[in-house]
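>>> Generate coordinates for the sequence data below:
(2 chains)
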Amino acid sequence: SQQGEEDPQALSIQEGENATMNCSYKTSINNLQWYRQNSGRGLVHLILIRSNEREKHSGRLRVTLDTSKKSSSLLITASRAADTASYFCATDGYGNKLVFGAGTILRVKS
Amino acid sequence: DVKVTQSSRYLVKRTGEKVFLECVQDMDHENMFWYRQDPGLGLRLIYFSYDVKMKEKGDIPEGYSVSREKKERFSLILESASTNQTSMYLCASSRRGAGVAKNIQYFGAGTRLSVL
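The predicted structure follows:
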């Protein structure tokens, strides 16, 4: 079952602009993660935020989490052409499972 | 670095064939997962395994089976391939235990399977 829902489904921006993607989920979580997938490849873990954290940074990535609204956002600052990829949020499910959303396709034009 | 290796990047099979997708990880992870990915549907969990010879059904196990005879290897089996199993298949592994590290999954590059 899909828990995370990303918004927008697709995003096209110019190099140097910021990109914001949102994720909503339905049930309570212990943590939420964001993954990136380059075209035709596997997913790569980007960042994890715990349920008791509100904001986390990693390089040009900024993740926020609002557990009262059951939502998270991923901000990529000063985007580059190499950031072109699909981005997925994932919430922790039963046991060690993750539940992934359908993803946001980001295209950064140079 | 964790490495998860899937045996084939691209595979073309005929309807009714038995298909084996192999996945090997080199980080001694206890957990291994098989997903399929289709446009607009995200990743859907087929099967997962917490330990050798252990397996549990995911969200869409019908038409699939798995085998985990060794800790590092997790195989996905399509007993009789059908055209609706044409998809991208992704294998992942993660550590078991306490703490958030257990939730981080490491993925292989994927196998794009076409069933004709």
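
>>> what's the residue of chain A found nearest chain B in contact with, if anything?
Nearest residue of chain A to chain B: A:Gly42, at 3.4 Å (CB to the nearest CB). C-beta: built from backbone N, CA, C; applies to glycine. Taking CB atoms under 8 Å, 6 or more residues apart in numbering or on different chains as the criterion, A:Gly42 is in contact with B:4, B:90, B:92, B:107-110.

>>> can we see that at 7 Å?
B:90, B:107-110 (CB atoms under 7 Å, 6 or more residues apart in numbering or on different chains).

>>> swap in A:Ala78?
Here A:Ala78 is in contact with A:16, A:60 (criterion: CB under 7 Å, 6+ apart).

>>> and what of B:Gln37?
B:43, B:87-88, B:90 are the contacts of B:Gln37 under CB under 7 Å, 6+ apart.

>>> where's it, which helix or strand?
strand B:31-38 (DSSP states H and E).

>>> Could you list the paired strands of that strand along with their orientation?
Here strand B:31-38 is paired, per DSSP bridges, with strand B:42-49 (antiparallel), strand B:87-94 (antiparallel).

>>> Compare the contacts of B:Gln37 and tell me which is most surrounded.
Highest neighbour count within the contacts of B:Gln37, by other CB atoms under 10 Å in any protein chain shown: B:Leu43, with 28 neighbours.

>>> Mind listing the residues bridging to that one?
If you apply DSSP bridges, the partners that B:Leu43 bridges to are B:Gln37.

>>> low-confidence ranges in chain A?
A:1-4, A:94-95 (pLDDT under 70).
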